[in-house]
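Asks: What follows is a predicted protein model with its sequence.
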Amino acid sequence: MQSDQFLITQFQAATNKEACFTELLKRHQQKVYYQVKRMVTTHADADDIAQQVWIKVWNKLDGFKMESEFGTWVFRIAYNESLNFLQKLHPTGGENFRKFRKYAMALHLHVWVLYRQP
């Protein structure tokens with residue numbers, strides 16, 4: 001099995017981008033979905049956000065510098081996309097959103113630890 005780093009290098013070299021991206025997607029898709037699902041709770045919203053995450057990954061992967069692991073980078077994109085979605089639901093912030101944001105920060109650490117496990 002080829003490493004994430006190898007697949008990213010091949011993607012960035014424009015060597016069969018679709019196949020490299022598809023393999024990365026297969027490896028990380030489920031973890032991304034469950035991370036998002038923990039934050040937004042509904043299946044439909046989690047699917048939409050996960051799709052946005054993978055679109056963003058496709059668009060930004062050429063600029064990925066491999067200063068962190070791919071999974072960590074994708075996790076951060078998914079986390080930010082989830083928070084952006086929730087912010088749109090509660091544009092004024094409000095007490096509930098502030099409480100959720102505090103919870104999300106704690107969840108961020110918990111999910112990051114889980115994500116790092118094989």
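Replies: Looks like it came in fine.

Asks: For the residue nearest to the spatial centre of the chain, what is the enclosing helix or strand?
Replies: The centre of the chain sits closest to Ala78, judged by C-alpha atoms, centre = their mean, with a distance of 2.8 Å. Per DSSP states H and E, Ala78 falls inside helix 70-89.

Asks: Distance of Gln87 relative to Asp45?
Replies: 13 Å (C-beta to C-beta, to the nearest Å). To be clear about C-beta, it is placed using only N, CA and C from the backbone, and glycine gets the same treatment.

Asks: circling back: where does the residue nearest to the centre of the chain sit relative to Ala19, distance-wise?
Replies: Using C-beta to C-beta, Ala78 is found at 23 Å from Ala19.

Asks: Need the residues that contact whatever helix or strand Leu25 lives in.
Replies: In this structure, Leu25 is located in helix 17-40 according to DSSP H and E. Helix 17-40 is contacted by residues 2, 4, 7-8, 10-11, 43, 46-47, 49-50, 53-54, 57-58, 61, 70-71, 74-75, 78-79, 81-83, 85-86, 104, 107, 111, 115 when judged by C-beta atoms under 8 Å, 6 or more residues apart in numbering.

Asks: So what's the predicted local confidence for Gln2?
Replies: Turning to Gln2, the model gives it a pLDDT of 88.

Asks: same check, this time on the one 4 residues further on
Replies: For Phe6, the pLDDT comes out at 93.

Asks: Could you name the specific helix or strand carrying it?
Replies: Element membership of Phe6 [criterion: DSSP H and E] is helix 4-12.

Asks: Please identify the buried residues of that helix?
Replies: Across helix 4-12, burial judged by 16 or more other C-beta atoms under 10 Å covers 4, 7-8, 10-12.

Asks: Mind telling me the two of those farthest from one another?
Replies: Within the buried residues of helix 4-12, Asp4 and Gln12 form the most distant pair, 12.4 Å apart (C-beta to C-beta).
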